[in-house]
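Student: Build me a model:
(one chain, ligands or ions: 2)
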Amino acid sequence: MVSFKSRRNLMRGRVMDWVTCPFLLPVMFSCMGIFGLLKLLQWIRMKAYVRNSVVVITGATSGLGKEAGSGLYHLCPPGSPRTLKSKDTELRSLLLRFTCCLVFDQGQTYKPSTVAFDLTDPPSIAAAASKILQSFGYVDILINNAGISYRGTIVDTKMDVDRKVMETNYFGPIALTKALLPSMIKRKKGHIVAISSIQGKYSIPFRSAYAASKHATQAFFDCLRAETEHDKIEVTVISPGYIHTNLSLNAITADGSKYGVMDKTTTQGQCPTMVARNVLVAVGKKRKDVILADLLPSWAIYLRTLVPELFFRIMASRAKKEQKTKTS
Ligand SMILES: NC(=O)C1=CN([C@@H]2O[C@H](COP(=O)(O)OP(=O)(O)OC[C@H]3O[C@@H](n4cnc5c(N)ncnc54)[C@H](OP(=O)(O)O)[C@@H]3O)[C@@H](O)[C@H]2O)C=CC1
Ligand SMILES: CCCCCCCCCCCCCCCC(=O)OCC(=O)COP(=O)(O)O
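Tutor: Ligands and ions are numbered 1, 2, ... in the order given. Coordinates of the predicted model:
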């Protein structure tokens, strides 16, 4: 017993020696400094990339889109009018609608502006695209962010609901992309971003329409990247895990009614400001495919690819458990 205690004290002493050793703290601080510097460099790189650009973000009224819009807005360099109160008020009121266009002009000032449209209404998408092109002449970066989620069993879900989710998350964004693409190809310059989801990589139960729309998004934008690379068009697909936004509150159910529940998974999700920041950094780095999720959902992608049978088993037992809690 005594020898165990003394051995423990010896160990404790060794650990303390190591912690207080003269090299550890400087090494730790240097690592933190390097990390901070890398982050700063990434941010500067992104700022340089978006400067003098016309950026269109869909779904800028809420959640991730709103944070991305605000993030870009605050990139404005010192001395520009971003500190003016009226500008902030203007931005806030402009963000009350669907799409936000941010213009960074040569004088390093910008005029955020919005165009309202409904992704489930093709004529309104075409009208919005021509309004954007008429107003700004071109678009440098299009961030297809707007989207809707869904909860329901396949057997109960009306086809109209499947269609609505596909229209909002897939057909709408690709229609806007197709409307703006020719002008990008003509200029040999453009960057198209799709905010997909980890559910674009694998499907979880009771999300059939949502997961299908995100798989379709991934597939479409992967094709687009290959087809337009020689036209100097950049394509970035971003797949986030849960984010703390209103997505679950705004989700629709099997009969098309609003789900209206803030799910625990969503409440515990990533901070939208941080995700927006990571989205902008990924855009600045011209990344092609980005996962922005915690370890478990990220690893599940490998599980789905490498051991599909096990993945399907886990998903089936999740479905069974969820179904049981619903009926009990
Ligand atoms: N939150 C999460 O856990 C995750 C979200 N994502 C994706 O992130 C993106 C943003 O979602 P998030 O911010 O979380 O959710 P929010 O519900 O907070 O925001 C969704 C945005 O999309 C807009 N929108 C919805 N329907 C339409 C439509 N028919 N036409 C035009 N705009 C529309 C909304 O406008 P309005 O409010 O005016 O209806 C709103 O601005 C989505 O594509 C989502 O799939 C991906 C992974 C995880
Ligand atoms: C190598 C070992 C891996 C073990 C993995 C076990 C399987 C765990 C499955 C985890 C499932 C996580 C699902 C994450 C889904 C997600 O992040 O979705 C993001 C959204 O789009 C959220 O939208 P929603 O409407 O569903 O709230």
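
Student: Against Arg313, how distant is the residue lying closest to Ser53 once chain neighbours are set aside?
Tutor: Leaving out its chain neighbours, the residue that sits closest to Ser53 by CB to CB, 6 or more residues apart in numbering is Asp140, at 3.8 Å. C-beta here means a position set from N, CA and C on the backbone, and glycine is covered the same way. Asp140 sits 46 Å away from Arg313, going by CB to CB, to the nearest Å.

Student: what does the stretch 101-250 of the chain put close to ligand 1?
Tutor: Residues of the stretch 101-250 of the chain lying close to ligand 1 (CB under 6 Å from any ligand atom) are 118-120, 145-148, 168, 195, 197, 240, 242-243, 245-247, 250.

Student: 8 Å - rerun?
Tutor: Within reach of ligand 1 by CB under 8 Å from any ligand atom, the stretch 101-250 of the chain has these residues: 117-121, 144-149, 167-169, 172, 195-199, 210, 214, 239-250.

Student: neighbour count winner among Asp140 and Arg313?
Tutor: A side-by-side neighbour count of Asp140 and Arg313, using other CB atoms under 10 Å, places Asp140 first with 19 against 11.

Student: My guess is the more buried one contacts Leu72. True?
Tutor: No - at 11.7 Å, Asp140 does not count as touching Leu72 under the criterion of CB atoms under 8 Å.

Student: can you list residues touching both of those two?
Tutor: Common neighbours of Asp140 and Leu72, using CB atoms under 8 Å, 6 or more residues apart in numbering, are 50, 55.

Student: give me the number of residues near Arg318?
Tutor: As a burial measure, Arg318 scores 13 neighbours (other CB under 10 Å).

Student: how close does it get to ligand 1?
Tutor: 17 Å (CB to the nearest ligand atom, to the nearest Å).

Student: Determine the number of other residues adjacent to Gly260.
Tutor: Gly260: 11 neighbours (other CB under 10 Å).

Student: pLDDT score for it?
Tutor: What the model reports as pLDDT for Gly260 is 97.

Student: Under a three-state scheme, what state does Ile57 occupy?
Tutor: What DSSP: H, G, I helix; E, B strand; the rest coil gives for Ile57 is strand.

Student: Phi and psi next, for the nearest residue to it once chain neighbours are set aside.
Tutor: Leaving aside its chain neighbours, Ile57 sits nearest to Ile143 (4.4 Å; criterion: CB to CB, 6+ apart). Note on Ile143: its backbone torsions stand at phi -110, psi 100 [degrees, to the nearest 10].

Student: Just to check, Ile143 is in contact with Thr58?
Tutor: Yes - contact criterion CB under 8 Å: Ile143 and Thr58 qualify, at 6.9 Å.

Student: of the two, who's got more company?
Tutor: Taking neighbours as other CB under 10 Å, Ile143 and Thr58 compare with Ile143 leading, 30 against 24.

Student: Report the beta-bridge partner residues of the more buried one.
Tutor: Counting by DSSP bridges, Ile143 is bridged to Ile57, Val193.

Student: And it, what's its pLDDT?
Tutor: If you check Ile143, the pLDDT there is 93.

Student: hang on, the earlier thing: mind giving me the ChimeraX select for the residues of the stretch 101-250 of the chain next to ligand 1, buried ones only?
Tutor: A single ChimeraX command is used to select the members of those judged buried by 16 or more other CB atoms under 10 Å:
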select :117,119,120,144,145,146,147,148,149,167,168,169,172,195,196,197,198,199,210,214,239,240,241,242,243,244,245,247,248,249
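
Student: Can you pull the residues that touch both of Ile143 and Thr58?
Tutor: Gly65.

Student: Quick check: phi and psi at the spatially most central residue of the chain.
Tutor: For the chain, Ile195 is the residue whose C-alpha lies nearest the centre (CA atoms, centre = their mean; 4.6 Å). The phi/psi pair for Ile195 (degrees, to the nearest 10) reads phi -90, psi 100.

Student: mind listing what it touches?
Tutor: Here Ile195 is in contact with 64, 143-145, 147, 238, 240, 279 (CB under 8 Å, 6+ apart).

Student: mind checking pLDDT for it?
Tutor: Note for Ile195: predicted pLDDT of 98.

Student: One more: the one 4 residues further on?
Tutor: At Gln199 the predicted local confidence, pLDDT, stands at 98.

Student: Next, find the distance separating it from Val56.
Tutor: Gln199 is 24 Å from Val56, where distance means CB to CB.

Student: So which residues on the protein come close to ligand 2?
Tutor: 149-151, 197-199, 202, 204, 207, 210, 214, 240-243, 247-248, 251, 263, 265-266, 269, 293, 296-297, 299-300, 302-303, 311, 314-315, 318.

Student: ranges for the strands of the stretch 101-250 of the chain?
Tutor: Using DSSP state E, counting those that start in this stretch, the strands of the stretch 101-250 of the chain run over 113-115, 141-144, 150-151, 190-195, 233-240.
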